[in-house]
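[1] Have a look at this prediction, sequence included:
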Amino acid sequence: MYKFKKRFTMRETKSSRILAFLLAALLLLGVFSAGGPVAFAEGEDDRKTLTVGFDADFPPYGYKDTDGSYIGFDLDLAEEVCKRRGWKLIKQPIDWNSKDMELESGSIDCIWNGFTIQGREDSYTWSKPYIDNSQVIVVRASSEIQKPEDLAGKTVIVQADSSALAAFTGEDAEQVNKDLAASFSELQQVADYNSAFMNLEAGAADAVCLDIGVAQHELINRGDSFRMLDAVISTEQYGVGFRLGDTELRNQVQETLDEMAEDGTFRKIAEIWGLSDNICLGNANDREDSTAESSEEGKEAVTEAVTDTGNKKEDNNFFEKFWSITKQLGTGMLASLAIFFLTLIFSMPLGLLLTAIRMSRFKVIQWLAKIYISIMRGTPLMLQLLVVFFGPHFIFGVETSSSYRFYAVIIGFSLNYAAYFAEIFRAGIEGVPLGQREAADVLGYTRIQTFWKIIFPQMAKRVIPPVTNEIITLVKDTSLAFALAYTEMFTLAKQVTAAESSILPLFVAGLFYYVFNILVAAVMARVEKNMRYYDRHTRVKRREIAARKARGLEPKE
């Protein structure tokens, strides 16, 4: 009878745990599927916002200013369009490699960031071309390279999925460019042009191929360290890319751009950024009638804009620059801290729940937990983040919004780290001697009382070292949020690096991670020390008893 009651109680308890697990899974699924906006499907009269996706490391078309705001030629155009149509502009930095998923899922409304039309005509719904662009080669000022033919046997860098890459390896690339690329020692791809110039400056590469507008901006901002070759590798045109078939929004934006071209606003914005010679929207005769004086004024304006930061940097000493960059990274630091603490808050309890399921006697449930843990530990966290964010659209057909990015980051991190914590907790529980469970059973403890009063405290003490390692890893893994274009500290540091043309922001970010990890390690060491107080007290007591016995004395009561 006693064994029957015991088994019944065990099954009842496990059934409750299974029910709790299913409820938690349904809750996570609800959050996972939430966040889909209806803004994309809104009609002309209902639209309130325009979310523009752009690469924040692509000056002068879109990048972060020293005051923390996003600026650039394309963003100024988008701002004017929204102003005239009564929309609110949402500037959404994105990971350029994920731009198609961003657009398809509805988290952005368009890609507006020096976006080349050629080779992508059938992949997007395009606006009219508005900028003529060329691909050029930049080398170090001291380099002996004078023409493209001199690049034979050299290392050339391009941005991933860029026009420069397509000019060398694309299906429509000219044969002369394909032959030129075949002569390179290596054609490397990097995520952004700041990384490209860092490689070039360090001597890890011999040349960078990039858009002429970006090249001009970089040459002005980086001083006399680099120079541009006279030859042009290829030419193409920029347009605004919308989701394939979204002609309604394209027509609204194009109508406003045409108005801006007619009244001269488009040209004024182009002159501010030194791009008036490149515009191709509007009347061609009007472009030819523009005077050299207005062009020079535009170039002087952009020169003043992009060198203003450089002049300030020259006047400031190292500590002033360090403090200025630290202030710029402040919001990113808070974002990283939010990811860190919220992940711990959600992943640890979920990990404990997974441990209970993993140790269940119900084989089906146990294997489900094993499979889940195996998937979470066996696949990259970055991939899991992409699945959490884009999954609702590609699996359930739900459109995602920019506001869902943060929730997706927390969900993805929590689900991933819960799997690791679950295995750590399981090892700690199995390390507690079985005799203690049997003793608690004899004393009349219920299974819940046995776990929380006897098993859990000992497990918590045993798992402190491996848990500390996971927490320290979490601090560094927060940088992976960039995969969802969520601007945490490291992503922000890369953007500031591009704007400042300096590697110092990356060192400041590294210092933040290092100091924060020191604090985490100190806190966890203190926790471990406090939890071992009983063990130390017991060992001291035993040594005192042994010493008194050795002297022939009776132990103290």
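    In hand now; what should we look at?

[2] Tell me how far E255 lies from R358.
    The gap separating E255 from R358 is 59 Å, by C-beta to C-beta, to the nearest Å. From N, CA and C alone the C-beta is placed, and that goes for glycine too.

[3] try A338
    29 Å.

[4] One more: V515?
    For V515 relative to R358 (C-beta to C-beta), the value is 36 Å.

[5] which other helices and strands contact the biggest strand by length in the chain?
    In terms of residue count, the longest strand belonging to the chain (DSSP state E) is strand 226-242. With contacts defined as 3 or more C-beta pairs under 8 Å, 6 or more residues apart in numbering; DSSP states H and E, strand 226-242 has these neighbours: strand 110-116, strand 125-126, strand 131-140, helix 163-169, helix 212-221, helix 247-263.

[6] still on that earlier bit, and V515 and R358? which has more neighbours close in?
    R358 (22 against 10; other C-beta atoms under 10 Å).

[7] Looks like the more buried one contacts R426 (just checking).
    Yes. Counting by C-beta atoms under 8 Å, R358 touches R426, with 5.8 Å between them.

[8] For Q216, give me its contacts.
    By C-beta atoms under 8 Å, 6 or more residues apart in numbering, the contact set of Q216 is 228, 274.

[9] before we move on, the earlier item: between the helices and strands packed on strand 226-242, which gets nearest to R47?
    helix 247-263 (7.7 Å; C-beta to C-beta).

[10] where does the chain dip in pLDDT?
    For the chain, residues meeting the criterion pLDDT under 70 lie at 1-45, 283-316, 499, 501, 533-542, 544-545, 548-549, 552-557.

[11] all strands of it, in order?
    Along the chain, counting by DSSP E, strands occupy 49-54, 57-58, 62-64, 70-71, 88-93, 110-116, 125-126, 131-140, 155-159, 186-190, 207-211, 226-242.

[12] Distance from the chain centre to the fifth one, please.
    Averaging C-alpha positions (C-alpha atoms, centre = their mean, to the nearest Å) puts strand 88-93 17 Å from its chain's average.

[13] That one vs strand 49-54, what angle?
    When axes from the mean of the first three to the mean of the last three C-alpha atoms, to 10 degrees is applied, the directions of strand 88-93 and strand 49-54 differ by 20 degrees.

[14] Give the partner strands of strand 88-93 in its sheet and their orientations.
    Using DSSP bridges, strand 88-93 pairs in its sheet with strand 49-54 (parallel).

[15] Report the angle between the partner strand and strand 226-242.
    Put simply, strand 49-54 runs at 150 degrees to strand 226-242, going by the same axes, to 10 degrees.

[16] i'd like the first residue to be 392 from this point on
    Done: numbering now begins at 392, and the last item shifts to strand 440-445.

[17] Now stretch 844-857: buried residues?
    Using 16 or more other C-beta atoms under 10 Å as the test for burial, stretch 844-857 gives 845-847, 849-850, 852-855, 857.

[18] scratch that, stretch 615-623
    617, 619-620.

[19] Can you tell me which of those residues comes closest to V779?
    F617 (40.7 Å).

[20] Against Q886, how distant is the closest one?
    From F617 across to Q886, the span is 21 Å (C-beta to C-beta).

[21] now swap in K479 and tell me
    Applying C-beta to C-beta to K479 and Q886 gives a distance of 22 Å.

[22] Please save the CA atoms from stretch 492-507 in PDB.
    C-alpha atoms of stretch 492-507 as PDB (Å, rounded to 0.1, in the frame of the first residue of the first chain):
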ATOM      1  CA  MET A 492      14.800  38.300 -44.700                       C
ATOM      2  CA  GLU A 493      14.200  41.700 -43.100                       C
ATOM      3  CA  LEU A 494      12.200  42.900 -46.100                       C
ATOM      4  CA  GLU A 495      10.300  39.700 -46.700                       C
ATOM      5  CA  SER A 496       9.300  39.300 -43.100                       C
ATOM      6  CA  GLY A 497       7.900  42.900 -43.000                       C
ATOM      7  CA  SER A 498      10.200  44.200 -40.300                       C
ATOM      8  CA  ILE A 499      11.300  46.900 -42.700                       C
ATOM      9  CA  ASP A 500       9.300  48.500 -45.500                       C
ATOM     10  CA  CYS A 501      12.200  49.200 -47.900                       C
ATOM     11  CA  ILE A 502      16.000  49.000 -48.400                       C
ATOM     12  CA  TRP A 503      17.300  52.600 -48.900                       C
ATOM     13  CA  ASN A 504      21.000  52.600 -48.600                       C
ATOM     14  CA  GLY A 505      23.000  52.900 -51.800                       C
ATOM     15  CA  PHE A 506      21.200  49.800 -53.100                       C
ATOM     16  CA  THR A 507      22.300  48.800 -56.600                       C
END
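
[23] Distance from that stretch to the middle of the chain?
    Distance, centroid of stretch 492-507 to centroid of chain: 16 Å (C-alpha atoms, centre = their mean).

[24] How many neighbouring residues does T516 have?
    18.

[25] beta partners for it?
    With DSSP bridges as the rule, T516 is bridged to F633.

[26] pretty sure it contacts V631?
    No. Using C-beta under 8 Å, T516 is not in contact with V631, being 9.3 Å away.

[27] hey, what's in contact with both of these two?
    Residues touching both T516 and V631 (C-beta under 8 Å, 6+ apart) are R641.

[28] ok, how many other residues are close to A818?
    Other residues lying near A818 total 14 when counted by other C-beta under 10 Å.

[29] Need phi/psi at the closest residue to it other than its chain neighbours.
    In this structure, A818 finds its nearest non-sequential neighbour in V854, 7.2 Å apart by C-beta to C-beta, 6 or more residues apart in numbering. Per-residue torsions, V854: phi -90, psi 0 (degrees, to the nearest 10).

[30] residues touching V854, list them.
    Here V854 is in contact with 815-816, 818-819 (C-beta under 8 Å, 6+ apart).

[31] what about the closest residue to I502 other than its chain neighbours, distance to Q827?
    Nearest residue to I502, sequence neighbours excluded (C-beta to C-beta, 6+ apart): G632, at 4.2 Å. Here G632 is placed at a distance of 64 Å from Q827 (C-beta to C-beta).

[32] circling back: could you check which of K479 and Q886 is surrounded by more residues?
    Using other C-beta under 10 Å, the more surrounded residue of K479 and Q886 is Q886, with 26 against 11.
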